[in-house]
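sequence and predicted structure are below.
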Amino acid sequence: MLTMKDIVREGHPILREKAQDVELPPQQEDIETAKKMLEFLKNSQDPEIAQKYKLRPGIGLACPQIGISKRIIAVHTTDEQGELFSYALFNPKIVSHSVKVTYLEGGEGCLSVDRDVPGLVPRYAKTTVKGTTIDGEQIELKLKGMPAIVFQHEIDHLDGIMFYDRINKENPFSPPTAVILNR
Ligand SMILES: O=CN(O)C[C@@H](CC1CCCC1)C(=O)N1NCCC[C@H]1C(=O)Nc1ccccn1
Ligand code: NI
């Protein structure tokens, strides 16, 4: 099982690389990786397991964070309606998004960043994400709220972008308006 020692921390060059597409249909090795990433998130949200293995709770994880530069992400969170969003996706891609932006009021953190970086991180309020699941089917997810934010944080990792790259340097707490973020 993955534990915090497997999580690469900032300063490691892999976090600034553009990760490679995964060969489709997914090979056994990549399927194993995706499953381990999702299992880590579930374990990290289980109080007993998290305490036993000293896991920091995570609601998303990107493959470069475990030292593998491949376009694989895992998300395990709930949305405003309390609906569970639990996915491991290969080659995820934002295919469309709202002009409207949103942000987590408390800012964002990252399992690869062992420090607080204050500031608001602009994210598209709504996105449509395409990707391939563990059983090889291509899906399209229409996201809003927390799931939309998590998927954007993870897909950024695949492009070597850290959450604090998006914080307004001049005024970190100025509520982001519909800034046109070049992707
Ligand atoms: O790339 C992936 N990562 O770095 C793990 C991150 C991903 C999230 C950060 C913001 C959006 C996605 C993660 O899950 N965290 N970051 C460090 C603190 C703990 C945890 C977290 O934010 N938890 C949380 C947040 C809101 C509601 C409930 N739980
Ligand atoms: Ni992160």
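Perfect, I can see it now. Ligands and ions are numbered 1, 2, ... in the order given.

what's the neighbour count on Lys93?
Around Lys93 sit 14 other residues, with neighbours defined as other CB atoms under 10 Å. Yep, even glycine has a C-beta here, placed from its N, CA and C like the rest.

in three-state terms, label it for me.
Reducing the assignment at Lys93 to three states with DSSP: H, G, I helix; E, B strand; the rest coil gives strand.

verify the stated contact: it with Thr132.
No - using CB atoms under 8 Å, Lys93 is not in contact with Thr132; the gap is 10.1 Å.

phi, psi for the residue in the chain that ligand 1 sits nearest to please.
Per CB to the nearest ligand atom, the residue of the chain with the smallest distance to ligand 1 is Gly109, at 3.1 Å. For Gly109, the backbone dihedrals (degrees, to the nearest 10) come out as phi -130, psi -170.

okay, it: pLDDT?
Reported pLDDT at Gly109 in the predicted model: 98.

report how many residues lie close to it.
If you count neighbours by other CB under 10 Å, Gly109 ends up with 18.

check contacts around it.
When contacts are counted by CB atoms under 8 Å, 6 or more residues apart in numbering, Gly109 touches 116-117, 163.

among the residues you listed, who's most crowded?
Neighbour counts for these peak at Phe163, which has 22 neighbours (criterion: other CB under 10 Å).

touching, that one and Ser112? I think so.
No - contact between Phe163 and Ser112 fails when scored by CB under 8 Å: they sit 9.9 Å apart.

leaving out chain neighbours, which residue sits closest to Pro126?
Let me fix one detail, which is that residue 126 is Lys and not Pro. The spatially closest residue to Lys126, leaving aside those adjacent along the chain, is Ser98, at 4.0 Å (CB to CB, 6 or more residues apart in numbering).

sec struct for the residue sitting nearest the centre point of the chain, please.
A centroid search over the chain (CA atoms, centre = their mean) returns Glu154, at 2.2 Å, as the residue closest to the centre. Counting by three-state DSSP, the backbone at Glu154 sits in helix.
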